[in-house]
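Chemist: Everything below, folded, please.
(one chain, ligands or ions: 2)
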Amino acid sequence: MEKIRKAYVKTYGCKQNFADSEKVTGLLLTLGYIPVKTPEEADLIIFNTCAVRENAEQRVFGNVGALKKLKEDKPELVIILCGCMTQQPHMAEYFKTKFPFLDAIIGTDILASLPSIIGAEPVSYEDVKPLREGKYSANVPIMNGCDNFCTYCVVPLVRGREVSREPASIISEVKGLIEEGRRDILLLGQNVNSYGKDTGTGFKELLQELDNLDGEFIISYMTSHPKDCKKELIDFIAESRNISRHLHLPVQSGSSRILKLMNRGYSREQYIELAEYARNKIPEISLTTDILVGFPGENYEDFKETLDLIEKIGFDSAYTFIYSKRKGTAAADFADPVPAEEKSAWFRELLDVQGRISERSYEKFIGKTLRVLCLGEGRTSPELLTGKSRQGIIVDFAGGDELLGKFVDIKINKALPWALKGEII
Ligand code: SAH
Ligand code: SF4
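Modeler: Ligands and ions are numbered 1, 2, ... in the order given. You can find the predicted model right below:
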């Protein structure tokens, strides 16, 4: 009998990377591998890496280093490194010299390289069925790459130019997922608003087609870029049936001067106008954002404009980052005089302010009735079900397992910083 082969896939970074790993695991499954939860059990180890910030890279270095011993104990073990870190030539070189026990270093186009390394037939991206976690949710990449070249960001360098998937292929995939009982679909792209520049069907048209599929479900998407997010799109979402009322709209900075240096393509005023437009059109919307602190040349005045903007908009939550210099980006050559300790102090101030805002922001939902998809994952006690509202907010309520995968109306009676509580009506 042939030996059962076991694969361990570890993923760092963004949802796109997780979606890529789901494809890889799906492919491995068809080749007879079974997924395992620890590297010690595995015959094949794949690390799908992230290059967006230095601390993500440091984690990879540490974890790859720890594999050396495994390889010594089990020389037939195959270890492959892929993803955004390995797409950078200087980094691929570094891995080769520092970790000579690695079997292959293959970049972001994993499905193109992996089959030949493990002795399998070539496959195409569209043909591989991903192995998805959970029963009711699914990530669906709609495009790859980025054309925006924000001056701090390595993504365009490692993921290449924007390429959109064919709309027909996306629509048939989502239709299949809904038929399978999945109700929580997340469309992925670095800038979903420029989806279809190359295929001719724009993001709004894609959403319209998906919204019209049979059934009740939630289609959410990330990431929206403020410079390309059009008012017509917001108008459409306001009247859609199944499109999420969550808008993740990364602002990065509240200072027009810094936004310009970042090459973001919008000003503070344009951002505020867009956010307010979305709030007015979709009063129940949840707005979230990304904020970058300590960009080269940023001063305390600029930073205070960021604090002022987040107070003004009142984001439900924000992902906050300290600037990390990335080789090959434009900003890597900008003068960066502010010491790290000072940036850290600004960062703590930002966390404080946003923490205060987040703590109270869900109070606006108390007394309201929200449509909630019951997911059951991450419950806090056995009697409680966990669900997700059309705003993308976690909602806890008492209910039985027969509701899993279904939608219910929940009257909200309590707001926590990261979740809501309520009762079925
Ligand atoms: N395409 C998305 C985000 C991709 S990266 C967008 O345009 O919003 C996710 C977040 O990481 C960014 O929004 C930014 O806040 C942060 N980020 C990107 N490059 C960074 C860097 N060099 N240092 C610190 N944070 C960074
Ligand atoms: Fe990076 Fe900007 Fe592209 Fe987002 S839009 S991936 S921040 S370059």
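Chemist: Check this structure for its longest helix and report it.
Modeler: Secondary structure assigned by DSSP state H gives helix 340-361 as the longest helix of the chain.
Chemist: Name the surrounding residues that touch it.
Modeler: With contacts defined as C-beta atoms under 8 Å, 6 or more residues apart in numbering, helix 340-361 is touched by 291, 293-294, 300, 303, 306-307, 310-311, 314-318, 320, 322-323, 415, 417-418. Glycine gets a C-beta too; all of them are placed from N, C-alpha and C.
Chemist: try it again with 6 Å
Modeler: If you take C-beta atoms under 6 Å, 6 or more residues apart in numbering as the criterion, helix 340-361 is touched by 293-294, 303, 307, 310, 314, 316-318, 320, 322, 417.
Chemist: For the helix or strand just after it, list every residue counted as buried.
Modeler: Scanning forward in sequence from helix 340-361 by DSSP states H and E, the next helix or strand is strand 369-374. Residues of strand 369-374 classed as buried: 370-374 (neighbour count, 16 or more other C-beta atoms under 10 Å).
Chemist: in the longest helix of the chain, what counts as buried?
Modeler: Under the neighbour-count criterion of 16+ other C-beta under 10 Å, helix 340-361 has 343, 346-347, 349-350, 353-354, 357-358, 361 buried.
Chemist: nearest spatial neighbour of residue 323, skipping sequence neighbours?
Modeler: Leaving aside its chain neighbours, residue 323 sits nearest to residue 294 (4.3 Å; criterion: C-beta to C-beta, 6 or more residues apart in numbering).
Chemist: Would you map the helices across the stretch 251-400 of the chain?
Modeler: Applying DSSP state H, counting those that start in this stretch to the stretch 251-400 of the chain gives helices spanning 256-261, 268-281, 300-313, 340-361.
Chemist: Is ligand 1 within reach of the first one?
Modeler: Same thing as helix 256-261. No - judged by C-beta under 6 Å from any ligand atom, helix 256-261 stays clear of ligand 1, getting no closer than 12.3 Å.
Chemist: mind checking how far that helix is from the chain centre?
Modeler: How far helix 256-261 lies from its chain's middle: 25 Å, per C-alpha atoms, centre = their mean, to the nearest Å.
Chemist: Next: the second one.
Modeler: Shown here is helix 268-281, whose average C-alpha point lies 23 Å from the average C-alpha point of the whole chain (C-alpha atoms, centre = their mean).
Chemist: what's it packed up against?
Modeler: helix 231-239 (3 or more C-beta pairs under 6 Å, 6 or more residues apart in numbering; DSSP states H and E).
Chemist: Please enumerate residues in contact with the helix it packs on?
Modeler: Under C-beta under 6 Å, 6+ apart, the answer for helix 231-239 is 204, 243, 277-278, 281-282.
Chemist: ok, now with 8 Å
Modeler: By C-beta under 8 Å, 6+ apart, helix 231-239 touches 193, 203-204, 207-208, 243, 245, 247, 274, 277-278, 281-282.
Chemist: Would you mark the buried spots in it?
Modeler: Buried residues in helix 231-239 (16+ other C-beta under 10 Å): 233-234, 236-238.
Chemist: Quick one: these as TSV, columns for pLDDT and distance to residue 58 too.
Modeler: Converted to TSV, the buried residues of helix 231-239 look like this (pLDDT from 0 to 100; distance: C-beta to C-beta, whole Å):
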residue	pLDDT	distance to residue 58
233	97	38
234	98	39
236	98	42
237	97	39
238	97	43
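Chemist: nearest to residue 157, of those?
Modeler: Taking C-beta to C-beta as the measure, residue 157 lies nearest residue 233 of the buried residues of helix 231-239, at 28.1 Å.
Chemist: still on that earlier bit, filter the contacts of helix 231-239 to the buried ones?
Modeler: Among these, those scoring as buried are 193, 203-204, 207, 243, 245, 247, 274, 278, 282 (criterion: 16+ other C-beta under 10 Å).
Chemist: Could you list which of those belong to strands?
Modeler: Among these, DSSP state E puts residue 247 in strands.
Chemist: Around ligand 1, pick out the residues from the chain.
Modeler: So far as C-beta under 6 Å from any ligand atom goes, the chain lies against ligand 1 at 52-53, 152-153, 155, 190-191, 223, 225, 250, 252, 290, 292, 321, 323-324, 326.
Chemist: now do 8 Å
Modeler: 14, 52-54, 146, 148, 150, 152-155, 190-191, 222-225, 250, 252, 290-292, 319, 321-326, 329, 331 (C-beta under 8 Å from any ligand atom).
Chemist: Got a quick ChimeraX command for the buried subset of the residues you listed?
Modeler: In ChimeraX, selecting the buried portion of the residues of the chain next to ligand 1, with burial taken from 16+ other C-beta under 10 Å, looks like this:
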select :14,52,53,146,148,150,152,153,154,155,190,191,222,223,224,225,250,252,291,292,321,322,323,324,326,329,331
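Chemist: distance of residue 211 from residue 204?
Modeler: 10 Å (C-beta to C-beta, to the nearest Å).
Chemist: And residue 278, by the same measure?
Modeler: Counting by C-beta to C-beta, the gap from residue 278 to residue 204 is 14 Å.
Chemist: circling back to that earlier point, okay, now the residue nearest to residue 323: neighbour count?
Modeler: If you count neighbours by other C-beta atoms under 10 Å, residue 294 ends up with 20.
Chemist: Surely it and residue 339 touch.
Modeler: No - in this structure, residue 294 is not within contact of residue 339 by C-beta atoms under 8 Å, at 9.8 Å.
Chemist: which one of the buried ones among the contacts of helix 231-239 sits closest to ligand 2?
Modeler: residue 193 (9.9 Å; C-beta to the nearest ligand atom).
Chemist: Once you drop chain neighbours, what's closest to the closest one?
Modeler: Nearest one to residue 193, counting by C-beta to C-beta, 6+ apart, is residue 228 at 3.6 Å.
Chemist: Could you tell me the model confidence score at residue 134?
Modeler: Note for residue 134: predicted pLDDT of 87.
Chemist: which SS state does it fall under?
Modeler: Secondary structure, DSSP: H, G, I helix; E, B strand; the rest coil: residue 134 is coil.
Chemist: ok, the closest residue to ligand 2 within the stretch 301-425 of the chain - contacts?
Modeler: Here the stretch 301-425 of the chain gets closest to ligand 2 at one residue, residue 329, 8.8 Å apart by C-beta to the nearest ligand atom. Applying C-beta under 8 Å, 6+ apart, one finds that residue 329 lies in contact with 151-154, 157.
Chemist: Pretty sure residue 113 sits in a helix.
Modeler: Yes - assessed by three-state DSSP, residue 113 belongs to a helix.
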